[in-house]
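Participant: Could you look at this predicted model? Sequence included:
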Amino acid sequence: MSGAGVHDAITRAHHDEWARVVAALTRRFGDLDVAEEAAAEAFAAAVERWPADGVPANPGAWLTLTAGRRAIDRVRREGKRDDRHREALMRYDDDPPEPLGAVGDERLRLIFTCCHPALAMETRVALTLRMVAGLTVAEIARAFLVRETAMERRITRAKAKIKDARVPYRVPSAADLPVRVSGVLAVLYLVFNEGYLATGPGADPIRPGLTAEAIRLTRLVRALLPDDGEVAGLLALMLLIEARRAARVSRTGELVTLDEQDRGAWDAGLVAEGHRLVRERLAAGVAPGRYQILAAINAVHTSARDVRDTDWSQVVALYDRLVRLDRSPVVALNRAVAVAELDGPDVALAAVERLGGDLSGYHAFHATRADLLRRLGRSAESRAAYAAAIELAGNSAEVAALTRRRDRLAG
């Protein structure tokens, strides 16, 4: 197999096997740190050995066996000789399988398992993104708009709490699902976002494997909880965003903003399915939650045949409802973008400037500010704001688009 083929095999194995290996080792050794470090060492060994030895017939089994050996080595090195670890050393892969519980899909079952209500919401989401979704600490930190060191500490504290409080690593029953679903949806939404617009500087601009997996798992959650409006809302939101994927990056590798996209390239089937889900939720007559409102906003955008046909008053009204549920500065920033189309860039800029204290490290804040300054004819200030956005943006397609806009400014 070629070097590129081996690299692809390792990448696929990481995506498909990371969660399973970590979960198996956690059950076996009762220690998340041991599980994660042993899994990481196994994947490092694959990077070193597979190019020379070839990809094994069963990559998952190879990784599990290698990780198990590394975990045993670490347990021995650290002198952990209590009964639990002695028992773990004697266990083999032919142990009887754990009951599946209410969730049949292994990855989704792991997500529900990790989203334990004993942990704070942000903590359980961050831990699950790391353990099950396989996102790096840097990617998770960018999703939460915090420093990587702060996110590392948060995940470490979560592991310590699980260990010290003896939070059980137990497969959830059907009765557990409604209590845990909000955390599960948050995980799936952030996984989708990382695929929709990758944040790492070395990553592809769009990671369709992540968006497809997030949609697949959200469909499974909806089958489990068909009456949950937020599940339907998140699925609709994902579909309406995914429908635009083919139009989001130009042939030259630049990110294409919504107002410049070729709407004829959108996936009409996904748009229709997303609109149907939004209409169903409206017909239910129940006050919508965050994901349902975001889906409705995207339904307004995808209903317009041309950007000039967009009903901006409806978009702003929906953001007004969203702000009452989610007072995050990112929501306020997105609302300001819509306000610019309805009331003008000067009104929007005043709202954006008030967010600088919270969003100074967020590239989209500077990009939005740069665009509003450009529209107001303040080219020098716009150029400086574009420079700040370019420095903070990690996505190569986004950097290319921001650079072109900056370079078109006079002066």
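Facilitator: Cool, got the structure. Residues are numbered from 1 along each chain as shown.
Participant: what about the closest residue in space to Val316 that isn't next to it in sequence, helix or strand, and which?
Facilitator: Among residues not flanking Val316 along the chain, Ala338 sits closest, at 4.9 Å (Cβ to Cβ, 6 or more residues apart in numbering). For every residue, glycine as well, the C-beta is placed using N, CA and C. Per DSSP states H and E, Ala338 falls inside helix 329-343.
Participant: I figured Leu333 hits Glu353, correct?
Facilitator: No: between Leu333 and Glu353 there is no contact under Cβ atoms under 8 Å: 11.1 Å.
Participant: Compare the two and say which is more crowded by neighbours.
Facilitator: Per other Cβ atoms under 10 Å, whichever of Leu333 and Glu353 has more neighbours is Leu333, with 21 against 13.
Participant: okay, the more buried one: pLDDT?
Facilitator: Note for Leu333: predicted pLDDT of 97.
Participant: where are the low-confidence patches of the stretch 51-200 of the chain?
Facilitator: 76-101, 131-134, 162, 164-170, 200 (pLDDT under 70).
Participant: What helices and strands are in contact with the helix holding Ala338?
Facilitator: Contacts defined by 3 or more Cβ pairs under 8 Å, 6 or more residues apart in numbering; DSSP states H and E place helix 329-343 against helix 312-325, helix 345-353, helix 356-359, helix 363-375.
Participant: Show me what the second one is in contact with.
Facilitator: Contacting residues not belonging to helix 345-353 are listed as 332-333, 335-337, 339-340, 365, 368-369, 372-373, 375-376 [Cβ atoms under 8 Å, 6 or more residues apart in numbering].
Participant: Tabulate these (a markdown table), appending distance to Trp50.
Facilitator: Below are the contacts of helix 345-353 laid out as a markdown table (distance: Cβ to Cβ, whole Å):
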| residue | distance to Trp50 |
| --- | --- |
| Ala332 | 48 |
| Leu333 | 44 |
| Arg335 | 49 |
| Ala336 | 49 |
| Val337 | 46 |
| Val339 | 53 |
| Ala340 | 51 |
| Phe365 | 42 |
| Thr368 | 44 |
| Arg369 | 47 |
| Leu372 | 50 |
| Leu373 | 51 |
| Arg375 | 52 |
| Leu376 | 55 |
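Participant: closest to Glu139 among the residues you listed?
Facilitator: Phe365 (19.2 Å; Cβ to Cβ).
Participant: That closest one: neighbouring residues, count only.
Facilitator: When neighbours are counted by other Cβ under 10 Å, Phe365 comes out with 25.
Participant: Helices of the stretch 151-300 of the chain, start to end?
Facilitator: 177-196, 208-224, 229-242, 268-284, 290-303 (DSSP state H, counting those that start in this stretch).
Participant: now for these, which one comes closest to Leu402?
Facilitator: Of those, the one closest to Leu402 (Cβ to Cβ) turns out to be helix 177-196, at 17.4 Å.
Participant: can you pull the buried residues of the closest one?
Facilitator: By 16 or more other Cβ atoms under 10 Å, the buried positions in helix 177-196 come out as 177, 180-196.
Participant: who are the neighbours in contact with the closest residue in space to Glu106 that isn't next to it in sequence?
Facilitator: Distances taken as Cβ to Cβ, 6+ apart place Arg20 nearest to Glu106, at 6.5 Å, with adjacent residues excluded. Neighbouring residues of Arg20 by Cβ under 8 Å, 6+ apart: Gly60, Thr64, Glu106, Leu110.
Participant: circling back to that earlier point, tilt between the helix holding Ala338 and helix 363-375?
Facilitator: 20 degrees (axes from the mean of the first three to the mean of the last three Cα atoms, to 10 degrees).
Participant: Just the CA atoms of helix 329-343, as CSV, please.
Facilitator: Only the C-alpha atoms of helix 329-343 are listed here, as CSV (Å, rounded to 0.1, in the frame of the first residue of the first chain):
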residue,chain,number,x,y,z
PRO,A,329,-22.1,37.1,22.8
VAL,A,330,-21.9,34.9,19.7
VAL,A,331,-25.7,35.0,19.3
ALA,A,332,-25.6,38.8,19.8
LEU,A,333,-22.9,39.0,17.1
ASN,A,334,-25.0,37.0,14.6
ARG,A,335,-28.0,39.1,15.4
ALA,A,336,-26.0,42.2,14.6
VAL,A,337,-25.3,40.8,11.1
ALA,A,338,-29.0,40.6,10.4
VAL,A,339,-29.6,44.0,11.9
ALA,A,340,-27.1,45.5,9.4
GLU,A,341,-29.4,44.3,6.6
LEU,A,342,-32.5,45.7,8.2
ASP,A,343,-31.4,48.9,9.9
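Participant: List the contacts of it.
Facilitator: By Cβ under 8 Å, 6+ apart, helix 329-343 touches 145, 310, 312-313, 315-316, 319-320, 322-323, 347-349, 351-352, 355, 358-359, 362, 364-365, 368, 372, 375.
Participant: related to what we said a few turns ago, give me the buried subset of the contacts of Arg20.
Facilitator: Buried among these by 16+ other Cβ under 10 Å: Thr64, Leu110.
Participant: mind giving me JSON lines with the contacts of Arg20 and columns for distance to Ala410?
Facilitator: Output for those, formatted as JSON lines (distance: Cβ to Cβ, whole Å):
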{"residue": "Gly60", "distance to Ala410": "57"}
{"residue": "Thr64", "distance to Ala410": "60"}
{"residue": "Glu106", "distance to Ala410": "57"}
{"residue": "Leu110", "distance to Ala410": "54"}
